[in-house]
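In: What follows is a predicted protein model with its sequence.
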Amino acid sequence: MGLVEAIIISIIAASTPLLLAAAGELIVERSGVLNLGVEGMMIMGAACGFAGAWLTGSTFIGALFGIAAGMALSFVFAVLTLGLAVNQVAAGLALTILGVGLSGLIGAGFVGEKIVPAPQLYLPVLTGIPLIGRILFGQDGFVYVSIALVVGIWWFLYRTRGGLILRAVGDSHTSAHALGYPVLKIRLLAVLFGGGCAGLAGAFLPLAYTPFFIPGMTAGRGWIALALVVFSSWLPGRLVAGAYLFGAVSILQLHAQAFGLGIPSQLMTAMPYLATVIVLVIISRARGAAGSVAPASLGIVFVPDR
Amino acid sequence: MQLVLEKRAERSAFIALASPVLAIALTLVTMSVFFLILGKNPVTALYVYFIEPLTDSYTLMEIAVKASPLIMIAIGLSLCYLANVWNIGAEGQFLIGAVTGSYLAVVTNGTGAGPWVLPAMLVMGALGGALWAMIPALCKTRFGANEILVSLMLVYVADLILDYLVRGPWRDPKGMNFPTTASFDPVATVPVIMDGGRLHAGVILTVLVVIAAAVMLGRSIKGFEIRVVGAAPRAARFAGFSSEKLVIFTFAVSGALAGLAGIIEVAGPVGVLQPGISPGYGFTAIIVAFLGRLNPVGILVAGLFLALTFIGGEGAQISMKVPLDLTKVFQGMLLFYVLACDSLILYRIRLLTTKQKAA
């Protein structure tokens, strides 16, 4: 395997959790809800995903555990923000604090344990094609799921009636409510979907990226996923580009360290975070001229009038 | 049947007072369930967590030492949140304050410098925190970038800067390769004010900050401006209050307070600059701010309570073999209950029967 091929494969691996989590959050935000708890749901997905895989020996069941954990946390968030009309920013932060604590509690017993990482696809002829074979036909299941997810989200948002309603709810909850759409129910489903995606994204880390669990292993990826949604202007296509760009930044910093360019390793490790800040500034500045493209009801509490 | 929220005509003053108490009570009930799951006696566990630390003068002092940075940071955050400015990066501002303040301690180490060192360190720490907070503030006001994400990303960067310094240029050559600076000289150390513990002069500064914030919020035009911009942005525009200037102001003050808390922590209880100087003070302070309902006196009480959970948690870890992460779980849970109970100030929950729904 050549170096370029190896780098591309590792970029795809680094991008996958970002793409999974951001894709879920895209749907949540399109419904008009801002869930800042992605990091908390991801780390819970990582802890529960690892626990599930370790107990059953199955990556698939581990992934399901991760999804369930993310959904459970997002349900708590939904009860607060949709049921009790709590400020979404505060509730999202609470979710992250709770998720980090709970994951530490659950994961403590599994630190130092190992599992068999998720198998990579192998197709007899196709995977053997030089250069592109392994990149296109040799990834683990998570990678294909993440791509399918984004395509599915694009199709749902722009080609189905349900997607139209979801976007309407996110752009004007009062109008959608007046038309008779169940705003809170639609938002609940969106939040649960986002939670499941964040949980799966977290589960990817110990199940496929590294075969073990360490506390805090999401290392801010949930927050980067949130920034990616802003970066993408809430468009699924741009989300893929953004996620792969960030994956590339985080992998290239590793390679730069390996080459030993004399740059402090901490500066290289800080690259993805600094890149997030720079990208946010550039995107926001460009958008300032063109007007906001965020869903109009994003982050605004809705209490239906009867 | 269906549960629905109904807007109250007026805020409920009774629930406004009862809400934090109710939230704490609900947290205690949930904690008891957790202890049962972990196979511990909940009564003993709650005693170890919340009563035992109060029965001993040493742990009482420890509570004040832990509460001090929480309160100081939360006061700054409350100004931001009142103005609807979301500074989430207090942890980073705390770390940078510790770094910039420590610079003086590192360069004057062993030079026999005078008693000016500590005050200068405190000023440097506050300045460093304020400057670090200016990055998200300017990104927001100049470019419209989301301050939540920017301030949070900078937490990771601040952590790495601290890590780089104590592993590289500032590492103590006699430190057996541990990532830490040399121990601070006495002139660079916050003095202890009571024998038999670690209660230090920084605690007095925290009390002064609480008083200053209470006066500012209650009696000054600035305090009024903060409230108006936060509660009614349109009205604030008509009144000529600039929300941009207020973003800068609240970020600067909260960054300065977090930075000050950071340098006090390393120059006081810790005594050297090293990784892991904060057990998540900057994040826990968010809970303190909300539990104290963004009110200086409330924050003082809330900070002492959260500090109690830290100290009680350490005690429970040692004597009952309860995992330390449980404390974080409780803190997160507490924030949830506080937010949920606060909702009852503005809304009442009504149970609708199917008949009423049809009508």
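Out: Received the coordinates, thanks.
In: can you list the residues of the stretch 151-300 of chain A near chain B?
Out: Those residues of the stretch 151-300 of chain A that sit near chain B, judged by C-beta under 8 Å from any C-beta of the partner chain, are A:215, A:219-220, A:223-224, A:226-227, A:230, A:264, A:266-267, A:269-270, A:273-274, A:276-277, A:280-281, A:283-285, A:287-288. (C-beta placed from N, C-alpha, C; glycine too.)
In: show me the contacts for the residue nearest to the spatial centre of chain B.
Out: Residue closest to the mean C-alpha point of chain B, counted by C-alpha atoms, centre = their mean, is B:A285 at 1.9 Å. For B:A285, the contact set (C-beta atoms under 8 Å, 6 or more residues apart in numbering or on different chains) comprises B:P69, B:L70, B:I73, B:A74, B:L77, B:A90, B:A258, B:G303.
In: Give me the next element, helix or strand, following the one helix or strand it maps to.
Out: Per DSSP states H and E, B:A285 falls inside helix B:281-291. Using DSSP H and E, the helix or strand that directly follows helix B:281-291 along the chain is helix B:296-320.
In: and whichever helix or strand comes after that following helix, what other elements does it pack with?
Out: Using DSSP H and E, the helix or strand that directly follows helix B:296-320 along the chain is helix B:325-346. Counting contacts by 3 or more C-beta pairs under 8 Å, 6 or more residues apart in numbering or on different chains; DSSP states H and E, helix B:325-346 packs against helix A:88-107, helix B:13-37, helix B:281-291, helix B:296-320.
In: Return the residues of the stretch 1-150 of chain B in contact with chain A.
Out: Close to chain A, as judged by C-beta under 8 Å from any C-beta, the stretch 1-150 of chain B has residues B:3-5, B:7, B:86, B:88, B:135, B:139, B:142-146, B:148-150.
In: Where does the prediction get shaky in chain B?
Out: Scanning chain B for pLDDT under 70 picks out B:1-3, B:352-359.
In: how about the strands of it, start to end?
Out: B:2-7, B:347-352 (DSSP state E).
In: So which bits of the stretch 201-350 of chain B are right by chain A?
Out: B:283, B:286-287, B:290, B:323, B:325-333, B:335-336, B:339-340, B:342-343, B:346-347.
In: what about B:I71, neighbour count?
Out: 31 (other C-beta atoms under 10 Å in any protein chain shown).
In: ignore the last one, B:V187
Out: 16.
In: Likewise for A:M268?
Out: 18.
In: Let me know the pLDDT of it.
Out: pLDDT recorded at A:M268 is 84.
In: Now for it: which residues touch it?
Out: A:M268 neighbours (C-beta under 8 Å, 6+ apart): A:Q253, A:L254, A:A256, A:Q257.
In: ok, the last one to chain B distance?
Out: When distances are taken as C-beta to the nearest C-beta, to the nearest Å, A:Q257 and chain B turn out to be 13 Å apart.
In: The helix or strand of chain A with the lowest mean pLDDT: which residues count as buried?
Out: When the helices and strands of chain A are scored by mean pLDDT, DSSP states H and E, helix A:132-137 comes last with a mean of 77. Under the neighbour-count criterion of 16 or more other C-beta atoms under 10 Å in any protein chain shown, helix A:132-137 has A:G133, A:R134, A:I135, A:F137 buried.
In: Out of those residues, which comes closest to chain B?
Out: A:I135 (29.8 Å; C-beta to the nearest C-beta).
In: which residues touch that closest one?
Out: So A:I135 contacts A:E5, A:I8, A:I9, A:I12 (C-beta under 8 Å, 6+ apart).
In: what's the closest of those residues to chain B?
Out: A:I12 (23.2 Å).
In: doesn't the closest one fall inside a helix?
Out: Yes. Judged by DSSP: H, G, I helix; E, B strand; the rest coil, A:I12 forms part of a helix.
In: On the three-state scheme, the closest residue to it other than its chain neighbours is what?
Out: In this structure, A:I12 finds its nearest non-sequential neighbour in A:V143, 5.9 Å apart by C-beta to C-beta, 6 or more residues apart in numbering or on different chains. Under the three-state scheme (three-state DSSP), A:V143 adopts helix.
In: I'd like the distance between A:V143 and chain B.
Out: A:V143 is 26 Å from chain B, by C-beta to the nearest C-beta.
In: Was I right to think that residue contacts A:S10?
Out: No. Taking contacts as C-beta atoms under 8 Å, A:V143 lies outside contact range of A:S10: 11.8 Å.
In: Counting neighbours, what do you get for A:I9?
Out: For A:I9, using other C-beta under 10 Å, the count is 18.
In: Could you list the buried residues of the helix or strand it falls within?
Out: Element membership for A:I9 (DSSP H and E) is helix A:3-30. By 16+ other C-beta under 10 Å, the buried positions in helix A:3-30 come out as A:5, A:8-30.
In: What's the mean pLDDT across it?
Out: 93.
In: Beyond that helix, next helix or strand please.
Out: Next element after helix A:3-30 (DSSP H and E): helix A:38-56.
In: Would you mind getting the angle between that next one and helix A:88-107?
Out: 20 degrees (axes from the mean of the first three to the mean of the last three C-alpha atoms, to 10 degrees).
In: next one: helix A:38-56 to chain centre, how far?
Out: Centroid displacement of helix A:38-56 relative to its chain, using C-alpha atoms, centre = their mean, to the nearest Å, is 14 Å.
In: What is the distance between the helix holding A:I9 and the centre of its chain?
Out: 8 Å.
In: which residues are contacting stretch B:332-342?
Out: Against stretch B:332-342 from outside (C-beta under 8 Å, 6+ apart): A:76, A:80, A:84, A:86-87, A:90-91, A:93-95, A:97-102, B:15, B:19-20, B:22-24, B:26-27, B:30-31, B:286-287, B:290-291, B:293.
In: one step back: want to throw the strands of chain B into JSON lines with mean neighbour count and distance to B:R234?
Out: Formatted as JSON lines, the strands of chain B follow (neighbours: other C-beta atoms under 10 Å in any protein chain shown; distance: least, C-beta to C-beta, whole Å):
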{"stretch": "strand B:2-7", "mean neighbour count": "13", "distance to B:R234": "20"}
{"stretch": "strand B:347-352", "mean neighbour count": "13", "distance to B:R234": "23"}
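In: Reformat those strands as a markdown table; add distance to B:E314.
Out: What follows is these, written out as a markdown table (distance: least, C-beta to C-beta, whole Å):
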| stretch | distance to B:E314 |
| --- | --- |
| strand B:2-7 | 40 |
| strand B:347-352 | 38 |
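In: For A:T59, find the nearest of those strands.
Out: strand B:2-7 (39.5 Å; C-beta to C-beta).
In: one step back: ok, so of the buried residues of helix A:132-137, who is nearest A:L121?
Out: Using C-beta to C-beta, these come closest to A:L121 at A:F137, 6.1 Å.
In: Distance check, that closest one against B:L36.
Out: Applying C-beta to C-beta, to the nearest Å, the value for A:F137 to B:L36 is 51 Å.
In: Where does pLDDT dip in the stretch 51-200 of chain A?
Out: Ranges of the stretch 51-200 of chain A meeting pLDDT under 70: none found.
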